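1. no letters, just coordinates:
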């Protein structure tokens, strides 16, 4: 993914401009995850976090704990971008 493509999907994110609120602890994670519900770039966001092993915050509707578990369960996947994003019918 190029820098231009990365910038493109982030401009469509529902959380745009509220990054500090997406790094909550404990029970506040549910609130942050709710922002991801219905986000048009949720898959791209999650792929970014999984491919880059981002350890903090809510990305693509998943907490860091959920992402670590998914990475352990699916260690065979080398590109989450190709799994989550390239199969979308709208091509984005």
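-> Arrived safely. Every value quoted in this text rests on a predicted model; they were computed, and no experiment measured them.
2. list the buried ones in stretch 25-40?
-> Residues of stretch 25-40 classed as buried by neighbour count (16 or more other CB atoms under 10 Å): 29, 32-33, 35-36, 39. Backbone N, C-alpha and C define where each C-beta goes, glycine included.
3. closest to residue 59 out of the residues you listed?
-> Checking the buried residues of stretch 25-40 against residue 59 with CB to CB, the nearest one is residue 36 at 8.2 Å.
4. list the contacts of that closest one.
-> For residue 36, the contact set (CB atoms under 8 Å, 6 or more residues apart in numbering) comprises 14-15, 42, 45, 58, 60-61.
5. out of these, which one sits closest to residue 84?
-> Using CB to CB, these come closest to residue 84 at residue 60, 8.1 Å.
6. just give the closest residue to residue 23, not the sequence neighbours.
-> Spatial nearest neighbour of residue 23, chain neighbours left out: residue 57 (4.2 Å); criterion: CB to CB, 6 or more residues apart in numbering.
7. surely the one you found and residue 18 touch.
-> No: Residue 57 is not in contact with residue 18 according to CB atoms under 8 Å; the separation is 11.4 Å.
8. more neighbours, those two?
-> Neighbour totals were compared for residue 57 and residue 18, and residue 57 leads with 19 against 11 (other CB atoms under 10 Å).
9. any idea how far residue 82 is from that one?
-> Separation of residue 57 from residue 82 (CB to CB, to the nearest Å): 23 Å.
10. cool, residue 74 as well?
-> Counting by CB to CB, the separation of residue 74 from residue 82 is 13 Å.
11. same question for residue 27.
-> For residue 27, the distance to residue 82 (CB to CB) stands at 34 Å.
12. and residue 11, by the same measure?
-> Distance, residue 11 to residue 82, by CB to CB: 22 Å.
13. what about those two, which has more around it?
-> residue 82 (12 against 9).
14. thanks a lot, catch you later.
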